[in-house]
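In: Sequence first, predicted model second:
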Amino acid sequence: MKHLRFLNKYFYKYKWWIIPGIFFVIISNIFAVIPAQVIGHAFNLITENIQIYRLFSGFERQAIIYDIFSYSLFYFGGLVILLYLIRGLFLFFMRQTIILMSRHIEFDMKNEIYAHYQDLSLGFYRKNNTGDLMNRATEDVNRVRMYVGPAIMYTINTVVLFLLIISYMYSVNATLATFCLLPLPILVVIIYFVNTLINKKSERIQEQLSTLSSFVQERFSGIRVIKSYVREEHTKKIFAQESETYKLNSMSLVKVQAFFYPTMLLLIGLSTILTVFIGGKQVISGSITAGNIAEFIVYVNQLTFPVTMLGWVTTLIQRAAASQKRINEFLNLKTDISTGTVKLADLQGNINFKNVSFTYPDTGIQAIQNVSFEIKKGQLAAIIGRTGSGKSTLANLIMRMYDVDKGEILVDQQNLKNLDLSVYRNQLGFVPQEVFLFSDSIKNNIAFGLDQAIDEEVANAAKNAAVYHNIMDFELKFETMLGERGITLSGGQKQRVSIARAMIKDPKLLIFDDCLSAVDTKTEEEILRNLGKTRSGKTTILIAHRISTIKNADVIIVLENGKIAEQGTHQELLEHNGIYKEMYQHQLLEEENNSV
């Protein structure tokens, strides 16, 4: 139960739902117990007056006694129905408070988890797969809701009903009550041992469900690769194996429950037998009436459902505890990136790296080693290097997706760690190497970074990204809906829509992370020309593989194995006769070979 303590804050928040709910539980159970006493009186009426009725056999008064007898039974029957109707009304109120409260808690939990996920750094997402994250925010939360709603409701209901019934039983006859309740300690022992099994099996089920969800999510995301390599049957087999593991874990839990419920019913049946046997002896001795036996049998039957529910509730609590443990694992994580207090409202775009080193925490790979450089306001800066040289890492560090291990990054002479991240990032424009578009219209994808955008702004951004004519060729133009991850568009079109999304913000600092690789040379030149017109006086950082993309940059930084190998303008680097010139000549040779 220690993992479920996390929910106490929600119980306090919705205390004015819980308190009336408990009140309605108590009232509904009072009206559930009283009918047993009415039935006992009715039974006594029958057993005590049947002899009187028979004595008047053949006399006219027998009809009068019969009418009185019938009226009394009708009265008792109507009273029982009325009491159960009142109980039903309070049961309705009980569900309207406690169950509705559980839905509010579910809503709050999902929002808290989603908000916390967004606060966590990129390192967290590198270590955890999407399917597992989704499962904790959906399936696990749903199981916790079953605890804060039905489980708590039935637990309170069972406790109140037990107390009322036991108190009534002992008020009638302590000996009979003791024998009726004799099987209950055995039930408690069984529940104690079964609980441990249920908890362990529930945790395994949830872990396997996360694995299964992750597998499905990943395979559907990569369906193009699966189809192109004709691996449908292979993935079916793997899915079947994972599903089989989940099924076996679930069946193992079902077997425990299948043993649990019949055992409870057997013990309740034993209580009924003891009631009739011991109660019969008590009637013979004159200690109780036959109506009391009927009353006790009703009490025992009323305990059947709560005791049966006890097993179900136990399962719900154990599964909720297992799910809450998984949720807490992530909610207790603190983000590596904490926002600063300096609100740099008017970003100039001066970037200064001073002896910066960075190692990815999840892999231990040192991506950047003792890097120092400066990019001034309004410059077009370029970063180039071979694959794995650390280019994209520099972009992530500038956006503070990660914190440096050594050294410092200054933005407009302010340490990046001291800046308010929302204010800072709101003035950035970023086009990632791996384009991601949402399952929405092209217009909404381009205008994603703005709270509101007029059609003219969207169209201008599309023109600057050289994708306007492609969009106008679609039947619905800017209202064209994109499939998941922008699957409707080609690779080059997706990149250009992503560029338009960054440019529509007119950011103070714009970062292109090798985002022109899927466009042809002519389109690339058009984008760069538009960039020169719209970005005058604003800092732009181009990360690229092709030298043709960055040759007009004010400063070019050449990375090699996480270190700066060379730095300067295009002409200066060619005259240096180093790595840059080697890359330039190699690319010229490739272009010549391609043109032949």
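Out: Alright, I've got the coordinates.
In: Give the other helices and strands that the strand or helix carrying Phe93 contacts.
Out: Per DSSP states H and E, Phe93 falls inside helix 61-119. Counting contacts by 3 or more C-beta pairs under 8 Å, 6 or more residues apart in numbering; DSSP states H and E, helix 61-119 packs against helix 8-13, helix 15-55, helix 130-137, helix 139-146, helix 152-172, helix 290-331. Backbone N, C-alpha and C define where each C-beta goes, glycine included.
In: where's the residue nearest the centre of the chain relative to Arg219, distance?
Out: Nearest to the geometric centre of the chain sits Ala137, at 0.7 Å (C-alpha atoms, centre = their mean). Going from Ala137 to Arg219 by C-beta to C-beta, to the nearest Å gives 20 Å.
In: Equivalent analysis for His586, please.
Out: From His586 to Arg219 the distance is 38 Å (C-beta to C-beta).
In: Same check on Pro262?
Out: Separation of Pro262 from Arg219 (C-beta to C-beta): 41 Å.
In: now Leu303
Out: 50 Å.
In: Of His586 and Arg219, give the one with the bigger neighbour count.
Out: Arg219 (17 against 11; other C-beta atoms under 10 Å).
In: So the residue nearest to the centre of the chain is in contact with His116, correct?
Out: No - shown here, Ala137 and His116 do not form a contact pair, counting by C-beta atoms under 8 Å, at 9.7 Å.
In: hmm, who's touching stretch 7-21?
Out: Contacts with stretch 7-21, where a contact means C-beta atoms under 8 Å, 6 or more residues apart in numbering, come from 93-94, 97-98, 100-101, 104-105, 108-109, 144, 147-148, 153, 156, 324.
In: same question, stretch 541-557
Out: 351, 373, 375, 379-384, 387, 391-392, 394-395, 398, 433, 509-514, 516-517, 521, 524, 528, 564, 566-570, 573, 580, 583-584, 587.
In: CA atoms only: put it into CSV for me.
Out: The C-alpha atoms that make up stretch 541-557 are tabulated as CSV, following Å, rounded to 0.1, in the frame of the first residue of the first chain:
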residue,chain,number,x,y,z
ILE,A,541,23.2,28.3,-37.8
LEU,A,542,23.4,25.8,-40.6
ILE,A,543,24.5,22.2,-39.9
ALA,A,544,25.2,20.3,-43.1
HIS,A,545,27.1,17.6,-44.9
ARG,A,546,27.2,19.4,-48.3
ILE,A,547,29.7,22.2,-48.6
SER,A,548,27.6,23.8,-51.3
THR,A,549,25.0,24.5,-48.6
ILE,A,550,27.3,26.4,-46.3
LYS,A,551,30.0,27.9,-48.6
ASN,A,552,28.6,31.5,-48.2
ALA,A,553,28.5,31.3,-44.4
ASP,A,554,30.2,34.1,-42.4
VAL,A,555,32.0,31.5,-40.3
ILE,A,556,32.4,27.8,-40.8
ILE,A,557,33.2,25.4,-38.0
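In: Can you give me the buried ones in that stretch?
Out: Neighbour counts over stretch 541-557 (16 or more other C-beta atoms under 10 Å) mark 541-551, 553, 555-557 as buried.
In: so which of these would you say is closest to Ala320?
Out: Ile543 (47.2 Å; C-beta to C-beta).
In: now whichever strand or helix holds the closest one: mean pLDDT?
Out: Here Ile543, judged by DSSP H and E, is contained in strand 539-544. Model confidence over strand 539-544, given as mean pLDDT, is 88.
In: and it, how far from the chain's centre?
Out: With C-alpha atoms, centre = their mean, to the nearest Å as the basis, strand 539-544 stands 37 Å off its chain's centre.
In: Which residues are in contact with the residue nearest to the centre of the chain?
Out: Counted by C-beta under 8 Å, 6+ apart, Ala137 has contacts 110, 113-114, 117.
In: quick one: it from Ala453, how far?
Out: 30 Å.
In: Would you confirm that Leu509 contacts Leu347?
Out: Yes - at 6.2 Å, Leu509 counts as touching Leu347 under the criterion of C-beta under 8 Å.
In: In three-state terms, label Ala382 for me.
Out: Following DSSP: H, G, I helix; E, B strand; the rest coil, we place Ala382 in the strand state.
In: ok, now how distant is it from Gly568?
Out: Distance, Ala382 to Gly568, using C-beta to C-beta: 11 Å.
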